[in-house]
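Chemist: need a 3D model of the sequence below.
(one chain, ligands or ions: 2)
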Amino acid sequence: MKIACIGAGYVGGPTMAMVALKCPDIEVVVVDINEERIKAWNSDKLPIYEPGLLEVVQEARGRNLFFSTDTKKHVGEADIIFVSVNTPTKTHGIGAGKAADLTYWEGAARLIASVSTSSKIVVEKSTVPVKTAEAIGKVLRRNCQDPNVNFEILSNPEFLAEGTAIEDLQHPDRVLIGGADTESGQKAIKTLAEVYAHWIPRERILTANLWSAELAKLTANAFLAQRISSINAISALCEATGADVSQVAHAIGTDSRIGPKFLNASVGFGGSCFQKDILNLCYVCETVGLKEVADYWYQVVSMNDYQKQRFVERVIGAMFNTVSQKKIAIYGFAFKKDTGDTRETPAIDVCKGLIRDGAKCCIYDPEVTPEQIFRDLSAPKFEWDRPNYSRSQSHMLENVQVQSDPIAAADGAHAICVLTEWDEFKKYDFAALYEKMVKPAFIFDGRNILDHAKLREIGFIVYALGKPL
Ligand code: NAD
Ligand code: UGA
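Modeler: Ligands and ions are numbered 1, 2, ... in the order given. Coordinates of the predicted model:
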C-alpha cells in the first residue's frame, strides 16, 4: 500500500512520520509545494520544533518515509491520500474574518483529480467546515477524466496538540474516521482503520458518518477553547474579589464531571486553530440560520480578546498609567511552550498593545526566531487593516528588540511579562534579574508559572492572573 499526504506542515509532517514509523509495510510520501519546507524535512533541521519528532523522522526517513515536491507523481501512485493543507480564516470577500478559506483544499482536490488513474481513498485531515466532503466530492468526480476511477472521501480529523504531538500521535485518546454510509464508504473506513490498528487499540478507533466526524472536530476545539475562556472570565472576577483562580480551578476540577485539565487561566489562548475553528463554526451556524448558536460560540473568542486586552491594561495601569519609553522584557513569544509556532499567539496582541502605549518591548523566546517575531509584529492583523499598515509597521518595529539572552532582555527593564509557560522561566535567578532592573521592578505572570511569594520576597511587585496582589 502507498500513502501520500498533501501538506507537509505541523499536522502532515508529524502524523505521517508516525504512520511510517508504526507501519513499515506501507510507503508514505509527504508532498508539498513549498520547496524549502520539503528540503528541511529531508535535513536534520526540521521545519518545525516538536519534542521527539526528529528521532521519529530519522528512524523512518529513507526506509518508508519520504518528503517530496513531486506532488503529481506521488499522489497519482497512492492508494490513500491524506489532505493536510492549511484552511485559514478567509481574509477578504464573503465571510471574511469568519469562514474557512478552502482555496488550498480545492487546489489539492483538483490536483488529485487530474493525476488519478486508479481509485483513491481521499482523507480529510485538515479541519474543514461541515459538508466539505460533499463539495470536495464534486470537484474530484467532475474533474477526473477516467470514469472508472472511484473516489471515496473520509473525514479523519487530527486532534494532536503542538508541543505534545508525538505523544498525542503515539497514544491518542481516540482516532475518528467518518465515511459514507455505503458499502464502498464502509470498506474505505475499514481500510484506514487497518492502518491505525498497527499501533492503536481497536476500541480507540471510532467511526461515524462524514458530517458527524467533520463537526466533531470543530466541536472539540470549541469546547476546549470554551473551557479556557470560562476560566479566564473567572480570573477577572477573582482579581476583583480577592479569590484565587488556581484554587477555584482546583476546586471545580476535582468534580469528575468537570475534570482538572484545560483549566489554566492565561493571558489568552493562541495557536492556529482555536480561534479559526470557532469562527468557522459560527459561520456555518449563521449560514444555516442559527444566529443564536453562532453568537453563543462567538463569545468564546470575544472573551479571549478581552483577556489579552485586560492583560495590557493591567500592565499599563500597574505601572502608573504610563509605559511610555519604558523597556519591558517579554518572556516567551510562542503561543505555548515546547513549540516555535507563533500563529495567533497572544504575545502579538500584548506586545502591540504595549507598544501602542509607548513601551519598548525586548523579547526573548527560546525557540522563536527574531525574523518570525519581526514578521508577526509588523503584519496587519487582517487584510482590511492595510490602510494603516505602513505607518504602524515602522512604529512597531522601532520599538521591538529581540534578545537571545533572557538576562540581557531584563537588563534596564521596568517590567517582565511572562507570556509563554516555558519551563526554563521557572529556573531563572530572579534575584539577579531584580538587581539589573529599574525599580520598582514589576513582574506580570501571564501564565501563573512563577513562585510569586518568592518573587515578592526579592522585592518585585507581582501581578499574577486571577490572584490577589
Ligand atoms: P501548515 O500551514 O503548517 O501546513 C500546510 C501545508 O500545506 C503548507 O506547508 C502548504 O505549503 C501546504 N499546501 C497548501 N496547498 C498545497 C497544495 N495544493 N499542494 C501541496 N501542498 C500544499 O498547516 P497545519 O498547522 O499543518 O494545519 C493543517 C490543517 O490541519 C489545518 O486545517 C488545521 O486546522 C488542521 N490542524 C492543525 C493542528 C495543529 O496543531 N497545527 C492540529 C489539528 C488540526
Ligand atoms: C489544540 C487542541 O488541543 C488539539 O486537540 C487540536 O488538534 C489543535 O488545537 C488543532 O486543531 O489545531 P494546540 O492549539 O496545539 O492544540 O495547543 P493547546 O494545548 O490546545 O493550547 C492552545 C492554547 O490554549 C495555547 O495558547 C495554550 O497556552 C492555551 N491554554 C491551554 C490555556 O491558556 N489554558 C489551558 O488550560 C490550556
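Chemist: only C-alpha atoms from now on, for both contacts and neighbour counts.
Modeler: OK.
Chemist: so who does Q186 touch?
Modeler: Going by CA atoms under 8 Å, 6 or more residues apart in numbering, Q186 touches G179, A180.
Chemist: grab the nearest non-local neighbour of I228.
Modeler: Of all residues not flanking I228 in the chain, L263 sits nearest, at 6.1 Å (CA to CA, 6 or more residues apart in numbering).
Chemist: that neighbour: neighbour count?
Modeler: 22 (other CA atoms under 10 Å).
Chemist: got the residues of the stretch 201-350 of the chain near ligand 2?
Modeler: Proximity of the stretch 201-350 of the chain to ligand 2, by CA under 6 Å from any ligand atom, involves residues 228, 262-266, 268-271, 273-274, 335-336.
Chemist: in helices, which of the residues you listed appear?
Modeler: If you go by DSSP state H, those have I228, F274 in helices.
Chemist: in CSV, list the residues of the stretch 201-350 of the chain next to ligand 2 along with pLDDT and distance to T117.
Modeler: Putting those into CSV (pLDDT from 0 to 100; distance: CA to CA, whole Å) gives the following:
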residue, pLDDT, distance to T117
I228, 98, 47
F262, 98, 46
L263, 98, 50
N264, 98, 51
A265, 98, 52
S266, 98, 51
G268, 98, 48
F269, 98, 44
G270, 98, 42
G271, 97, 38
C273, 96, 35
F274, 97, 38
F335, 98, 43
K336, 97, 43
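Chemist: closest one to D445 out of the residues of the stretch 201-350 of the chain next to ligand 2, please.
Modeler: Closest to D445 out of those is S266 (8.8 Å), distances taken as CA to CA.
Chemist: check contacts around the closest one.
Modeler: I228, N232, G446, R447, N448, L465.
Chemist: separation between the fourth one and K336?
Modeler: So that's R447. 10 Å (CA to CA, to the nearest Å).
Chemist: give me the common contacts of the two.
Modeler: Both R447 and K336 are contacted by T420, E421, under the criterion CA under 8 Å, 6+ apart.
Chemist: thinking again about what came up before, how far away is the residue nearest to I228 from ligand 1?
Modeler: Counting by CA to the nearest ligand atom, to the nearest Å, the separation of L263 from ligand 1 is 19 Å.
Chemist: I'd assumed V248 was in contact with that residue.
Modeler: No. Checked against CA atoms under 8 Å, the pair L263 and V248 is beyond contact range at 9.6 Å.
Chemist: how about A408, phi and psi?
Modeler: phi -60, psi -30 (degrees, to the nearest 10).
Chemist: pLDDT weak spots in this protein?
Modeler: Along the chain, segments meeting pLDDT under 70 span 381-393.
Chemist: now K39: which helix or strand?
Modeler: helix 35-41 (DSSP states H and E).
Chemist: show me what that helix is packed against.
Modeler: strand 65-68 (3 or more CA pairs under 8 Å, 6 or more residues apart in numbering; DSSP states H and E).
Chemist: may I have the very next helix or strand once past the helix holding K39 as PDB, with CA atoms only?
Modeler: Next helix or strand after helix 35-41 toward the C-terminus (DSSP H and E): helix 53-60. Provided in PDB are the C-alpha atoms of helix 53-60 (Å, rounded to 0.1, in the frame of the first residue of the first chain):
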ATOM      1  CA  LEU A  53       9.900  14.400  16.200                       C
ATOM      2  CA  LEU A  54      13.400  14.300  14.900                       C
ATOM      3  CA  GLU A  55      14.000  10.800  16.300                       C
ATOM      4  CA  VAL A  56      10.800   9.500  14.700                       C
ATOM      5  CA  VAL A  57      11.600  11.100  11.400                       C
ATOM      6  CA  GLN A  58      15.200   9.800  11.400                       C
ATOM      7  CA  GLU A  59      14.100   6.200  12.100                       C
ATOM      8  CA  ALA A  60      11.600   6.100   9.200                       C
END
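Chemist: buried ones in helix 53-60?
Modeler: L53, L54, V56, V57, Q58, A60 (16 or more other CA atoms under 10 Å).
Chemist: do it and ligand 1 come into contact?
Modeler: No. Applying CA under 6 Å from any ligand atom, one finds helix 53-60 separated from ligand 1 by no less than 13.6 Å.
Chemist: same thing with stretch 217-230?
Modeler: No. Judged by CA under 6 Å from any ligand atom, stretch 217-230 and ligand 1 are separated, with a smallest distance of 8.4 Å.
Chemist: go through that stretch and flag the buried ones.
Modeler: Here stretch 217-230 shows K217, L218, T219, N221, A222, A225, Q226, R227, I228, S229 as buried, counting by 16+ other CA under 10 Å.
Chemist: dump these to CSV, plus distance to T322.
Modeler: Formatted as CSV, those follow (distance: CA to CA, whole Å):
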residue, distance to T322
K217, 43
L218, 41
T219, 41
N221, 37
A222, 36
A225, 32
Q226, 33
R227, 33
I228, 30
S229, 28
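Chemist: from H250, how far off is the residue nearest to I228?
Modeler: Distance from L263 to H250, by CA to CA: 8 Å.
Chemist: and what of K337?
Modeler: To H250, K337 is 22 Å away according to CA to CA.
Chemist: try F262
Modeler: Taken as CA to CA, the span from F262 to H250 is 11 Å.
Chemist: same check, this time on C273
Modeler: Taking CA to CA, one finds C273 at 27 Å from H250.
Chemist: who's more crowded, these two?
Modeler: C273 (20 against 15).
Chemist: ok, the spatially closest residue to that one that is not a sequence neighbour - contacts?
Modeler: Take C273 and drop its neighbours on the chain: the residue closest to it by CA to CA, 6+ apart is N221, 7.7 Å away. By CA under 8 Å, 6+ apart, N221 lies in contact with C273, F274, D277, I278.
Chemist: tell me the secondary structure for N221?
Modeler: Using DSSP: H, G, I helix; E, B strand; the rest coil, the structure places N221 in helix.
Chemist: does Q325 touch G358 like I think?
Modeler: Yes. With contacts counted by CA under 8 Å, Q325 reaches G358, the gap being 5.7 Å.
Chemist: okay, these two: which has more neighbours?
Modeler: G358 (18 against 13).
Chemist: any idea how far I328 is from that one?
Modeler: Counting by CA to CA - G358 and I328 are separated by 11 Å.
Chemist: and N148, how many neighbours?
Modeler: By other CA under 10 Å, the residues close to N148 number 10.
Chemist: next, it: phi, psi?
Modeler: Here N148 shows phi and psi, under degrees, to the nearest 10, equal to phi -80, psi -10.
Chemist: contact partners for it?
Modeler: Contacts of N148 (CA under 8 Å, 6+ apart): S118, S119.
Chemist: and the residue nearest the centre of the chain, what does it touch?
Modeler: What sits nearest the mean C-alpha location of the chain, by CA atoms, centre = their mean, is G271, with 3.0 Å. Residues in contact with G271 (CA under 8 Å, 6+ apart) are F335, K336, D341, T342, R343, E344, T345.
Chemist: list the contacts of the second one.
Modeler: So the one you mean is K336. Contacts of K336 (CA under 8 Å, 6+ apart): G163, G270, G271, T345, T420, E421, W422.
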